[in-house]
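Enquirer: What shape does this take:
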Amino acid sequence: MTVEVVGGVISDKEKQAYINHVRNKSNGADVKKIIIRIDGDFVDLEWHMNEVPFDRIRRITGYLVGTLDRFNNGKRAEVADRVHHGYDDDYYRAYSGLLEE
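Expert: Now for the predicted structure:
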């Protein structure tokens with residue numbers, strides 16, 4: 001973990017107190033970087049977490065799968081023929097009133 005202090009100087013004891021605060025707030029998650037911004041009597045804490053790897057699980061044609069490597073050619077064709085029902089950027093802009101008609 002890296003700790004960066006911006007806008008002033010603090011003691012090692014105070015720095016450790018902020019590190020402990022961040023660890024407590026992040027529920028023991030893996031913290032990658034802490035930025036301590038000092039502004040007079042105020043302190044702003046920013047922290048970044050390490051990425052957590054995960055496997056994508058999709059429901060495809062009645063099965064919960066992570067990868068398609070065990071599918072036969074028929075199931076692979078069903079996957080290729082699927083219609084995506086997501087929304088594009090124009091939908092979100094129109095919904096929020098940002099897209100003119």
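Enquirer: Which neighbouring elements make contact with the helix or strand Glu14 falls within?
Expert: Assigned by DSSP states H and E, Glu14 belongs to helix 12-25. Under the contact criterion of 3 or more Cβ pairs under 8 Å, 6 or more residues apart in numbering; DSSP states H and E, helix 12-25 touches strand 2-6, strand 31-39, strand 42-49. Where C-beta positions appear, they are placed from N, C-alpha and C, glycine not excepted.
Enquirer: Tell me which of those is the most buried.
Expert: Sort these by mean neighbour count, taking mean count of other Cβ atoms under 10 Å, and strand 31-39 sits at the top with a mean of 15.
Enquirer: how about that strand as PDB, C-alpha atoms only?
Expert: Presented in PDB, the C-alpha positions along strand 31-39 are these (Å, rounded to 0.1, in the frame of the first residue of the first chain):
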ATOM      1  CA  VAL A  31      -6.300  -1.100  -0.100                       C
ATOM      2  CA  LYS A  32      -3.900  -0.100  -2.900                       C
ATOM      3  CA  LYS A  33      -3.300   3.600  -2.200                       C
ATOM      4  CA  ILE A  34      -4.300   6.200   0.300                       C
ATOM      5  CA  ILE A  35      -4.100   9.900  -0.500                       C
ATOM      6  CA  ILE A  36      -4.200  12.300   2.500                       C
ATOM      7  CA  ARG A  37      -5.100  15.900   1.400                       C
ATOM      8  CA  ILE A  38      -4.400  18.500   4.100                       C
ATOM      9  CA  ASP A  39      -6.300  21.800   3.900                       C
END
